[in-house]
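> Fold the following for me, if possible:
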Amino acid sequence: MTHHADTPGRSGHAALRGPAYRPDVDGLRAVAVVTVVVFHAFPALLPGGFVGVDVFFVISGFLISSIIISGTRQGSFSLIDFYSRRVKRILPALLLVLVVTALVGWFVLLSREYRTLGKHLIGAATFSSNLVLWREANYFDAASATKQLLHLWSLGIEEQYYLAWPILCSFIVPKRWLALPLTMGLMLLSFGSNIALVQNDAVAAFYSPGTRVWELLAGSLIAIWTARSATSASVPEAGPVFQGRARLWDVVSCAGLALIVAGTVLTRESHAFPGWWALLPVCGTCLLIGAGPASVCNRLILARPTMVWLGLISYPLYLWHWPLLSFLYVTESGTSSPLVRIAAVALSLLLAWATFVVIEKPIRFRPRRWVAAWLVAGLAGVGCLGGIIYRHDGFRDRYPAAEAVVDEILVRREVSEGCVERLGGLQPRYCLMSDSTRPPTIALLGDSHSNLLFDALSRRLVGLGHNLVQLGGGGCLPFWDVETGVSGRRNDCATQMKPLLDYVLRTPEIETVVVAHRGAAHLTGTDLASPRSVFQLHDYSDARRSDRRAIYEAGLREAVRRFQQAGKRVVLVLAPPELPFAPLGCVRDTIGHPPRLASSRREICPTVSRASVQERDAVYREVTGRVASEFQGVSTVDLASPLCDEVECRVVIDSQLLYRDSDHLSPIGAEYVIDRTWTAFGFTRVVPGSVQRFMSGR
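Predicted structure coming up:
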């Protein structure tokens with residue numbers, strides 16, 4: 001996302017003396033904002049539409065640098081005037097959207113969501129949204145759609161660019177021999193950092209200003225080249241020189257548009273982005289701008305009145321569209337119909353036009369500097385408001401009934417007293433034990449999914465005389481020599497899991513090992529609720545396998561083999577269905593009502609078709625079944641069976657919400673599925689004074 005530069009408009013407004021107004025650049029903004037809006041509203045329709053932000057970055061770098069260069073050469077450039085105009089350009093619409101978002105959030109969001117919004121208001125007010133979101137997780141994570149100010153990450157990067165570049169640019173412009181090589185050098189350094197980082201930490205590469213500034217500098221490079229070319233009368237502008245090379249610049253223009261289109265069509269959420277893929281929209285935008293306003297695509301497509309109008313309202317349109325879609329996602333659990341999303345986009349267009357006419361233009365062109373001061377004070381006030389919301393934990397007392405439901409759903413334990421001590425110094429992420437005063441007899445191994453099954457299993461096993469221990473790492477498969485990661489961030493599983501698995505092997509009292517984890521996501525590489533999250537698997541064994549399926553199957557087979565060789569019985573637990581939406585949105589119906597879901601309103605929480613579950617889990621179940629069949633005495637437990645019939649898989653049963661998020665069961669959900677699959681585990685009561693016996697095969 002970017003904002004318009006202070007250049008003359010079609011209406012004749014001019015904020016400062018600068019380069020001539022180019023309607024084709026406004027049309028290029030229209031291309032950028034439309035791709036982003038369509039992607040957010042209908043991601044399947046335009047899977048690479050998020051590259052519109054990269055188009056915006058280049059435009060912003062070009063226009064701002066053009067203004068600085070023009071003002072510097074005319075001797076009229078002033079940093080104070082520059083930042084004053086930036087404030088009057090950016091803050092009016094931004095303040096309006098932030099205040100309205102905070103107000104709507106008060107009535108719509110639960111406390112946890114409203115607290116997050118408060119934190120993001122602080123980030124927006126300090127132009128550090130990208131840094132706040134970087135620390136949280138991932139632009140493409142499962143919770144991204146519930147963050148109403150997620151889109152302001154790009155504004156943060158732009159404003160961080162504006163802190164340094166105007167000063168540096170005004171210094172190097174008079175030294176013409178230095179401007180191009182220095183700008184190119186900085187751009188290549190930033191691009192190289194992007195390439196180096198994107199494979200190991202895609203989140204950092206996405207949000208870091210250091211790995212994104214090359215896109216703005218690419219636009220700056222075009223501005224410097226254009227200014228230098230203008231001096232030598234070879235700039236691609238309308239005129240005798242341009243007319244003599246019209247066909248060349250027409251080809252350049254068409255190539256630029258083709259690259260942007262290719263970026264929106266070919267780039268995917270699963271790609272390591274920005275990386276090399278960002279070259280498509282960045283190079284395409286540079287070619288279109290460099291081709292000049294008289295080139296064929298710029299003149300016939302980008303400069304059309306409708307495109308220019310969309311470009312003029314692109315900034316408020318960008319600001320409005322995402323909060324509307326995010327609130328829609330939250331209130332409808334991510335299952336809104338296409339017609340409703342079209343209505344949301346239409347409303348954002350209307351709000352953008354009204355904001356541009358009523359708010360932006362009257363304030364933007366006021367010459368008084370006190371206007372900028374008042375706007376900055378207003379932004380500080382919004383930051384304070386965000387701090388109050390965050391400090392008061394999202395004001396939980398607004399909807400106590402709904403909060404009680406959420407508290408019940410989200411309760412969990414990761415480490416129990418005495419468990420770590422029993423392990424002899426190991427520090428696992430998950431360590432729960434029924435009775436830490438005696439050795440465990442059954443081990444539950446896996447990730448957070450196994451952690452959430454502990455209480456339901458422990459209650460039953462304690463009654464049979466067993467002692468259950470649950471061990472695992474965050475996002476880790478309970479395999480030797482296998483590393484997992486999401487969107488470039490590795491979980492350090494090889495280090496986390498090996499000592500835990502070895503502990504289970506060398507503890508003779510542990511006679512049964514229950515393996516439970518999230519399998520489908522690792523085998524498909526995607527998250528249903530957030531298809532932009534990319535799961536990675538790495539093999540550290542001697543075989544060095546690279547295929548996802550081969551790594552998973554070999555890891556599972558090796559784990560079962562080792563446990564059986566150590567004389568332990570193995571139970572493989574198949575995970576419950578994953579959901580393509582956030583089920584906590586179903587709780588919203590309880591606001592102002594008793595803290596239970598109304599059984600007569602089952603439609604408040606959507607179901608998932610059995611066919612879609614079977615399709616997603618096909619490889620996961622096939623691999624698990626094949627490995628189980630290779631070893632005698634291995635049991636399998638299917639946690640999906642109690643939730644699904646022949647047609648659908650349910651999220652709410654008997655007025656109870658069985659999920660805490662798109663792939664984890666709630667405590668009630670864990671009790672529900674364990675109760676209905678209990679006999680498949682094959683546990684028997686421990687007979688005092690004798691060897692523990694199990695009901696194998698049941």
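> What are the boundaries of the helices in the stretch 451-600 of the chain?
Taking DSSP state H, counting those that start in this stretch as the criterion, the stretch 451-600 of the chain carries its helices at 454-463, 493-506, 520-524, 548-565.
> Could you identify which of those helices is most buried?
Counting by mean count of other C-beta atoms under 10 Å, helix 520-524 has the highest mean neighbour count of the helices of the stretch 451-600 of the chain, with a mean of 22. Where you see a C-beta, it was placed from the backbone N, CA and C, and this is true even at glycine.
> one step back: among the helices of the stretch 451-600 of the chain, which is nearest Ala354?
Comparing those against Ala354 with C-beta to C-beta, the closest turns out to be helix 520-524 (42.6 Å).
> What is that closest one packed up against?
Packing partners of helix 520-524 (3 or more C-beta pairs under 8 Å, 6 or more residues apart in numbering; DSSP states H and E): strand 530-539, helix 548-565, helix 610-630.
> what about 10 Å?
Helix 520-524 is packed against strand 482-486, strand 526-527, strand 530-539, helix 548-565, helix 610-630, with contacts defined by 3 or more C-beta pairs under 10 Å, 6 or more residues apart in numbering; DSSP states H and E.
> which residues touch that helix?
Identification of contacts with helix 520-524 by C-beta atoms under 10 Å, 6 or more residues apart in numbering yields 447, 475, 477, 482, 484, 486, 526-528, 531, 533, 535-537, 548-549, 551-553, 555, 574-575, 577-578, 613, 615-624, 663.
> could you flag which of those are buried?
447, 475, 477, 482, 484, 486, 526-528, 531, 533, 535-537, 548-549, 551-553, 555, 574-575, 577-578, 613, 616-617, 619-621, 623-624, 663 (16 or more other C-beta atoms under 10 Å).
> Please tell me I have it right and Leu131 contacts Glu159.
No: with contacts defined as C-beta atoms under 10 Å, Leu131 does not count as touching Glu159, sitting 11.4 Å away.
> which residues do these two both contact?
Pro209.
> Dump the helices and strands packed on helix 520-524 to JSON lines, plus distance to Leu643 and mean pLDDT.
Listed next are those as JSON lines, based on distance: least, C-beta to C-beta, whole Å; pLDDT from 0 to 100:
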{"stretch": "strand 482-486", "distance to Leu643": "25", "mean pLDDT": "88"}
{"stretch": "strand 526-527", "distance to Leu643": "19", "mean pLDDT": "85"}
{"stretch": "strand 530-539", "distance to Leu643": "21", "mean pLDDT": "78"}
{"stretch": "helix 548-565", "distance to Leu643": "23", "mean pLDDT": "95"}
{"stretch": "helix 610-630", "distance to Leu643": "9", "mean pLDDT": "95"}
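> Adding distance to Leu324 as columns, could you present those in TSV?
As requested, the helices and strands packed on helix 520-524 are exported to TSV (distance: least, C-beta to C-beta, whole Å):
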stretch	distance to Leu324
strand 482-486	28
strand 526-527	24
strand 530-539	20
helix 548-565	37
helix 610-630	28
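> Select, out of these, the one closest to Leu96.
strand 530-539 (28.8 Å).
> Need the CA coordinates for the closest one. CSV is fine.
Output of strand 530-539 as CSV, limited to C-alpha atoms (Å, rounded to 0.1, in the frame of the first residue of the first chain):
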residue,chain,number,x,y,z
SER,A,530,-4.5,-19.9,6.3
PRO,A,531,-3.4,-21.2,2.9
ARG,A,532,-0.5,-18.7,2.9
SER,A,533,1.2,-20.5,5.7
VAL,A,534,3.7,-22.9,4.2
PHE,A,535,4.8,-26.0,6.1
GLN,A,536,8.3,-27.4,5.6
LEU,A,537,9.8,-30.8,6.4
HIS,A,538,13.5,-31.5,6.5
ASP,A,539,15.3,-34.8,6.9
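> Could I get the contacting residues of Arg368?
Arg368 makes contacts with Ser84, Lys88, Trp374, as judged by C-beta under 10 Å, 6+ apart.
> By neighbour count, which of those wins?
Within those, most neighbours by other C-beta atoms under 10 Å means Lys88, with 22 neighbours.
> That one and Arg364 touch, don't they?
Yes: between Lys88 and Arg364 a contact is recorded at 5.1 Å, counting by C-beta under 10 Å.
> Take whatever helix or strand Trp320 lives in, keep the C-alpha atoms, and write them as PDB.
Using DSSP states H and E, Trp320 sits in helix 314-331. Coordinates of each C-alpha in helix 314-331 appear next as PDB, following Å, rounded to 0.1, in the frame of the first residue of the first chain:
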ATOM      1  CA  SER A 314      -6.600   4.300  -3.800                       C
ATOM      2  CA  TYR A 315      -5.200   5.300  -0.500                       C
ATOM      3  CA  PRO A 316      -8.500   5.600   1.400                       C
ATOM      4  CA  LEU A 317      -9.700   2.500  -0.500                       C
ATOM      5  CA  TYR A 318      -6.800   0.500   0.800                       C
ATOM      6  CA  LEU A 319      -7.300   1.800   4.300                       C
ATOM      7  CA  TRP A 320     -11.000   1.000   4.400                       C
ATOM      8  CA  HIS A 321     -11.300  -2.300   2.600                       C
ATOM      9  CA  TRP A 322      -9.300  -4.500   5.000                       C
ATOM     10  CA  PRO A 323     -11.000  -3.600   8.300                       C
ATOM     11  CA  LEU A 324     -14.400  -4.200   6.600                       C
ATOM     12  CA  LEU A 325     -13.300  -7.600   5.300                       C
ATOM     13  CA  SER A 326     -11.700  -8.500   8.600                       C
ATOM     14  CA  PHE A 327     -14.700  -7.600  10.700                       C
ATOM     15  CA  LEU A 328     -16.800  -9.700   8.300                       C
ATOM     16  CA  TYR A 329     -14.400 -12.600   8.700                       C
ATOM     17  CA  VAL A 330     -14.700 -12.300  12.500                       C
ATOM     18  CA  THR A 331     -18.400 -12.000  12.700                       C
END
